[in-house]
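>>> Provide a 3D model corresponding to the input given below.
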Amino acid sequence: MELAQKKCTTYKAGSPPLTRKETIELLAQVPGWSLNNGHITRTFEQADAASCIAFFNEIAALATEEGHFPDLCMKESRLVEVSFYTYPAGGLTLNDFILAAKLNERSNTQ
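From the prediction side, this is the model:
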């Protein structure tokens, strides 16, 4: 099953983060995302600040639906930087990659 078709699961306290090998394998499945200080990040370009805010809202709705939330930042009134990291796990989990794939899928249909 493709990552974008999966559903995030509730993080179980004490569950370990992904290994480096698992992270690299999953990173290959989410084009445009890169590993940065243990987080996976991608910058999405939008037309203007209003489009950035609309994209923030879309990300927030998806994150709420999935129960897994990214770090978000708007830069230059046209760039939205999205970063995933599962803080309770102290690293990346499958949920981070599932949401990255879902965002890729949405950005490809716009």
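>>> quick check: longest helix of the chain.
Longest helix of the chain, by residue count under DSSP state H: helix 49-66.
>>> ok, residues contacting that one?
Residues from elsewhere that reach helix 49-66 (C-beta atoms under 8 Å, 6 or more residues apart in numbering): 7-8, 44, 46, 69-70, 72, 74, 77-80, 82, 95, 98-99, 102-103, 106. Heads up, the C-betas are built off the backbone N, CA and C, glycines and all.
>>> try 7 Å this time
By C-beta atoms under 7 Å, 6 or more residues apart in numbering, the residues outside helix 49-66 that reach it are 7-8, 44, 46, 69-70, 72, 74, 77-78, 80, 82, 99, 102-103, 106.
>>> can you check stretch 82-98 too?
Residues contacting stretch 82-98 (C-beta under 7 Å, 6+ apart): 3, 6, 8-9, 11, 13, 15-18, 23, 26, 29-30, 38-42, 44, 59, 68, 70-72, 99-100, 103.
>>> filter these down to just the buried residues.
Among the contacts of stretch 82-98, those classed as buried by 16 or more other C-beta atoms under 10 Å are 3, 6, 8, 11, 17-18, 23, 26, 30, 39-42, 44, 59, 68, 70, 99-100, 103.
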